[in-house]
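> make a model of this:
(chains A and B)
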Protein chains: 2
Amino acid sequence: MKTSGNFTRLVQKHLEAVEQLMRHQADSYQPDIGSALDILLSSGGKRIRPTLSLLVGSMLHADIDRLITLSAAIELLHTATLVHDDLIDGALLRRGNPTLNSQWSAGATVLTGDFLFARAARLAADTDSLPVIKLFSQTLAVIVNGEIAQLFAGRCLPDKEKYFQRIYAKTASLMETAATGAAMISAAGEAVIEQMRQFGYALGMAFQIIDDILDYTGNQGQLGKPVGGDLRQGLITLPAIYYIEGHPGENEAKALAIGKCLQDEEIANFVEKVRTSEAVARAHGDARNFVEQALVHLRDQPAGEYRQALESLAYYIVEREL
Amino acid sequence: MKTSGNFTRLVQKHLEAVEQLMRHQADSYQPDIGSALDILLSSGGKRIRPTLSLLVGSMLHADIDRLITLSAAIELLHTATLVHDDLIDGALLRRGNPTLNSQWSAGATVLTGDFLFARAARLAADTDSLPVIKLFSQTLAVIVNGEIAQLFAGRCLPDKEKYFQRIYAKTASLMETAATGAAMISAAGEAVIEQMRQFGYALGMAFQIIDDILDYTGNQGQLGKPVGGDLRQGLITLPAIYYIEGHPGENEAKALAIGKCLQDEEIANFVEKVRTSEAVARAHGDARNFVEQALVHLRDQPAGEYRQALESLAYYIVEREL
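Take a look at the predicted model:
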């Protein structure tokens, strides 16, 4: 089943409301914050997280206004973490656009991120659901804790267990919260909430694995940033982990296995080897397994166009741009 | 009425519980975060904010566990903002101790602050009071907005209106929230909540004015940082504003009136002039007025040792270290 983003059709109108709500978060504050927010939101992004929460919530008949509020909270939290991430990584481009930190001072960038955290927290509070609010702050702690772990961890070390922990913190935790939170503000019971948690989790894991594959197999035009960026930062993602496992005798694999980072001139070569190897298919297989796992948790949910759209979203996640 | 901190006696035990609760916020996360938190909390501070919320809440018979949770949320939020502030200002010392950013990378410092925001938000959520949670995220937005305004505003410009806006955002907003939040989790009605808001507001304004006076009249030993630090950063606080108003013919006043920052060698001289001038007494008079205003809002609250302690706290704020 090949799909390409038609899952957004059902929630297009609500996605626009989410966008509006996010844009209004700087109203009545410093105009410079409004400019920053406009730039950040205009640079796009797939809006996968709000799409996920809108679809899950609609499937479970949640109140649409609270759902829009939750979705805006989630996407704004995501945006805030990206602002600080890009600053810390010194990234100059995201989705083909200059990052905030490439144009503003570090101080202004830190504070803009903080402001977005504050407004995201306020939006979460506006869902009027204590479980959602608690989950939301918990998720921020998990995301940041993961980034700190990454900062203090050894660079250039292939470690599959740590890799899965890292992508959980980085991506799956928030997608889990998008799905769980949407279920929490519906009338669904604990069992359904738990299924939606597992659905969001598995979807998020698949999503990040594919992102990490694309960092090898994509091109700068598609990615909006240079290929092989993870490796350049010393991050050994799943395709590289599998390549190193499969080619233990090669020099690059030997260096990385003991945490020795590659030289600049070795990186392009290694990226080329990984992208044309069986390691990509193996990583892709893992992503597909996560999607299959996600679909299991959808099976018992109310049938209809929303569940169908969530299935399409799941397939899209592993099939995009490959 | 001369007092010196005996207002903490009544809530000493609860302040220790607040301290414990804050220290446990890094449990089950990266050990590096725990170390950072220990360092941040050990460097002390007067714990004025939790003292304020504990006293207000106790006076209004709020549940003590929720009060401790709220107080920890407020002090942790305060700590988080200081971590980012010190990074942005490049401050090396706070309360005589090395700042986090003087020892850690900028990235680790940003993320530690983010983590503390997350845990503060979680503690606020644990009060189970939606009004408190909303107020809390609102306050973070106000604080950060104020810092951004300061970043984009002209430096070295004496502007009394902007000064009062700035100290509201920087200090009074959180003290207002400490008092208001404590009232919100008690059974007090809207009128009492509003009086506590005004009480916290006025106390916070007085507190920051005195801090700004001490930046001129204190010594490095007392302050835990160099004297005249605000001026060095281009911040024209109330004592300087009054001095400039009173001595329009002097060179420094003329320079600052048009937003021209002083040279390094002029700063020590200007600080000496301000500290020995009538401008200090005038600023001090404003702080005393705010305290008087604060006391008015206490008048109708339940009489007893907690109200008395709040009165002592108010007097202490204008009399400390002078």
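> now name the helix or strand holding the residue in chain A sticking out farthest from the centre.
The centre of chain A is farthest from one residue, residue A:249, which by CA atoms, centre = their mean lies 34.0 Å away. Using DSSP states H and E, residue A:249 is not contained in any helix or strand.
> now do the same end-to-end measure for stretch A:232-251.
17 Å (CA to CA, to the nearest Å).
> who are the packing partners of the stretch of helix or strand residue A:65 belongs to?
Taking DSSP H and E as the criterion, residue A:65 maps to helix A:64-89. Packing partners of helix A:64-89 (3 or more CB pairs under 8 Å, 6 or more residues apart in numbering or on different chains; DSSP states H and E): helix A:12-23, helix A:31-42, helix A:48-59, helix A:106-125, helix A:130-152, helix A:173-184, helix B:106-125. In this view, the C-beta of every residue, glycine as well, is placed from N, C-alpha and C.
> quick one: low-confidence ranges for the stretch 101-250 of chain A?
Residue ranges of the stretch 101-250 of chain A with pLDDT under 70: A:223.
> apply 80 and report the result again.
Residues of the stretch 101-250 of chain A that meet the criterion pLDDT under 80 lie in A:154, A:220-226.
> circling back: where's the residue farthest from the centre of chain A relative to chain B, distance?
Going from residue A:249 to chain B by CB to the nearest CB, to the nearest Å gives 35 Å.
> now residue A:98: phi and psi?
Dihedral angles of residue A:98 (phi, psi; degrees, to the nearest 10) stand at phi -60, psi 140.
> one more: residue A:235?
Per degrees, to the nearest 10, the backbone of residue A:235 is at phi -90, psi 120.
> next one: residue A:157
phi -120, psi 120.
> who's in contact with it?
A:236, A:256, A:259 (CB atoms under 8 Å, 6 or more residues apart in numbering or on different chains).
> circling back: how about the helices and strands packed on helix A:64-89 in TSV, adding distance to residue B:54 and mean neighbour count?
Output for the helices and strands packed on helix A:64-89, formatted as TSV (distance: least, CB to CB, whole Å; neighbours: other CB atoms under 10 Å in any protein chain shown):
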stretch	distance to residue B:54	mean neighbour count
helix A:12-23	36	17
helix A:31-42	34	17
helix A:48-59	38	28
helix A:106-125	23	26
helix A:130-152	23	22
helix A:173-184	32	28
helix B:106-125	14	26
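> skip the chain neighbours and tell me the closest residue to residue A:58.
residue A:306 (4.8 Å; CB to CB, 6 or more residues apart in numbering or on different chains).
> tell me who's in contact with the one you found.
A:10, A:55-56, A:58-59.
> write out the residues of the stretch 1-150 of chain A neighbouring chain B.
A:29-30, A:32-33, A:84, A:87-88, A:105-108, A:110-115, A:117-119, A:121-122, A:124-126, A:128, A:130, A:133-134, A:136-138, A:140-141, A:144-145, A:147-149 (CB under 8 Å from any CB of the partner chain).
> at 6 Å what do you get?
Proximity of the stretch 1-150 of chain A to chain B (CB under 6 Å from any CB of the partner chain) is limited to residues A:29-30, A:32-33, A:84, A:88, A:107-108, A:110-111, A:114-115, A:117-119, A:121-122, A:125, A:133-134, A:137, A:140-141, A:144-145, A:147-149.
> grab the most central residue of chain A for me.
Geometric middle of chain A (CA atoms, centre = their mean) lands on residue A:171, at 4.0 Å.
> could I get the contacting residues of that residue?
Applying CB atoms under 6 Å, 6 or more residues apart in numbering or on different chains to residue A:171 gives the contacts A:204, A:207-208.
> likewise for residue A:217?
residue A:275.
> please report how far it lies from residue A:234.
20 Å (CB to CB, to the nearest Å).
> residue A:284 now?
23 Å.
> settle it for me: which of the two has more neighbours?
residue A:284 (20 against 16; other CB atoms under 10 Å in any protein chain shown).
> let me know the pLDDT of that one.
On the pLDDT scale, residue A:284 is placed at 97.
> hmm, back to that, for the contacts of residue A:306, which one is nearest chain B?
Set against chain B, the nearest of the contacts of residue A:306 by CB to the nearest CB is residue A:56 (21.9 Å).
> quick one: residues contacting the nearest residue to the closest one once chain neighbours are set aside.
Residue nearest to residue A:56 in three dimensions, not counting chain neighbours: residue A:182, with 4.0 Å by CB to CB, 6+ apart. Listed by CB under 6 Å, 6+ apart, the contact partners of residue A:182 are A:53, A:56-57.
> now with 8 Å?
Contacts of residue A:182 (CB under 8 Å, 6+ apart): A:52-54, A:56-57, A:60, A:62, A:67, A:70-71, A:196.
> next: residue A:56.
A:178-179, A:182-183, A:196, A:199-200, A:306, A:310.
> and the closest residue in space to residue A:290 that isn't next to it in sequence, what does it touch?
With CB to CB, 6+ apart as the criterion, residue A:290 has its nearest non-adjacent residue at 3.8 Å, and that residue is residue A:206. Contacts here follow CB under 8 Å, 6+ apart; on that basis residue A:206 touches A:287-288, A:290-291, A:294, A:314, A:317-318.
> does residue A:11 touch residue A:53 like I think?
No - using CB atoms under 8 Å, residue A:11 is not in contact with residue A:53; the gap is 9.4 Å.
> quick one: the residue farthest from the centre of chain A from residue A:257, how far?
For residue A:249, the distance to residue A:257 - CB to CB - is 11 Å.
> just residue A:99 next, same as before
Distance from residue A:99 to residue A:257, by CB to CB: 33 Å.
> looking at those two, which is more packed in?
residue A:99 (24 against 15).
> skip the chain neighbours and tell me the closest residue to residue A:98.
That would be residue A:92: by CB to CB, 6+ apart, it lies 6.5 Å from residue A:98.
> go on, residue A:146?
residue A:169 (2.4 Å).
> now for the closest residue to residue A:99 other than its chain neighbours, how many residues are close by?
Leaving aside its chain neighbours, residue A:99 sits nearest to residue A:86 (4.2 Å; criterion: CB to CB, 6+ apart). Neighbours of residue A:86 under the rule other CB under 10 Å: 20.
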